[in-house]
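>>> sequence below, structure please.
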Amino acid sequence: NADPQALVVAVAALHATEFVGLPECKLHLAQAVTYVATAPKSNAATLAIGAALKDVRDGRTLPVPKHLRDAHYRGAQRLGHGEGYLYSHDFEGGYVEQEYLPEPRQYYLPVDRGYEAIIRKNLEMLGKPRSGKQEEPEDPGISGNAATSDKP
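Numbers count the residues shown, from 1 in each chain. All right, here's what the predicted structure looks like:
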């Protein structure tokens, strides 16, 4: 996540290679290698997946809160599924405080470089108590690693 655009560049190079073949694709491959090699790096997503899977393997699973359970079938209302659910898109900033897990857990710990610095800032902002007008999270638009590079 430090530069999510790197995956897009790599896949585009793969498609170009499949389409034009060697030797014509050498420039596409060189551009992709240069981009990916100089992009900010992070393994935060990999570590998060590993920690979550470890909890599952160790039996540390939690029930989904009733208000988040599917309510689109006969009998769901009787079970209390979906009752009290708050649709985040209906709230300012697209976020609403509600219980998502019966106990707090945090798996994804973004690093403070590249695009993950923006994700980290947005997560910190979402964790602050709300009162009155909410501050809008940073624009999630991705401008590529040129914006995060120290190179001219």
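>>> next one: the longest helix belonging to the chain to chain centre, how far?
Ordering each helix of the chain by length in residues (DSSP state H) puts helix 5-20 first. In terms of C-alpha atoms, centre = their mean, to the nearest Å, the gap separating the centre of helix 5-20 from the centre of its chain is 22 Å.
>>> other SSEs contacting that helix?
If contacts are counted by 3 or more C-beta pairs under 8 Å, 6 or more residues apart in numbering; DSSP states H and E, helix 5-20 sits against helix 26-38. Heads up, the C-betas are built off the backbone N, CA and C, glycines and all.
>>> what angle sits between the helix it packs on and helix 5-20?
Helix 26-38 and helix 5-20 meet at an angle of 160 degrees, taking axes from the mean of the first three to the mean of the last three C-alpha atoms, to 10 degrees as the criterion.
>>> may I have helix 26-38 exported as CSV, CA atoms only?
What follows is the C-alpha trace of helix 26-38 in CSV, where atoms were taken according to Å, rounded to 0.1, in the frame of the first residue of the first chain:
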residue,chain,number,x,y,z
LYS,A,26,11.6,-4.5,-23.4
LEU,A,27,10.8,-0.8,-22.9
HIS,A,28,7.5,-1.6,-21.1
LEU,A,29,9.3,-4.0,-18.8
ALA,A,30,12.1,-1.5,-18.2
GLN,A,31,9.6,1.2,-17.3
ALA,A,32,7.7,-1.2,-14.9
VAL,A,33,10.9,-2.4,-13.3
THR,A,34,12.1,1.2,-12.7
TYR,A,35,8.8,2.3,-11.3
VAL,A,36,8.4,-0.7,-8.9
ALA,A,37,12.1,-0.6,-7.8
THR,A,38,11.9,3.1,-6.9
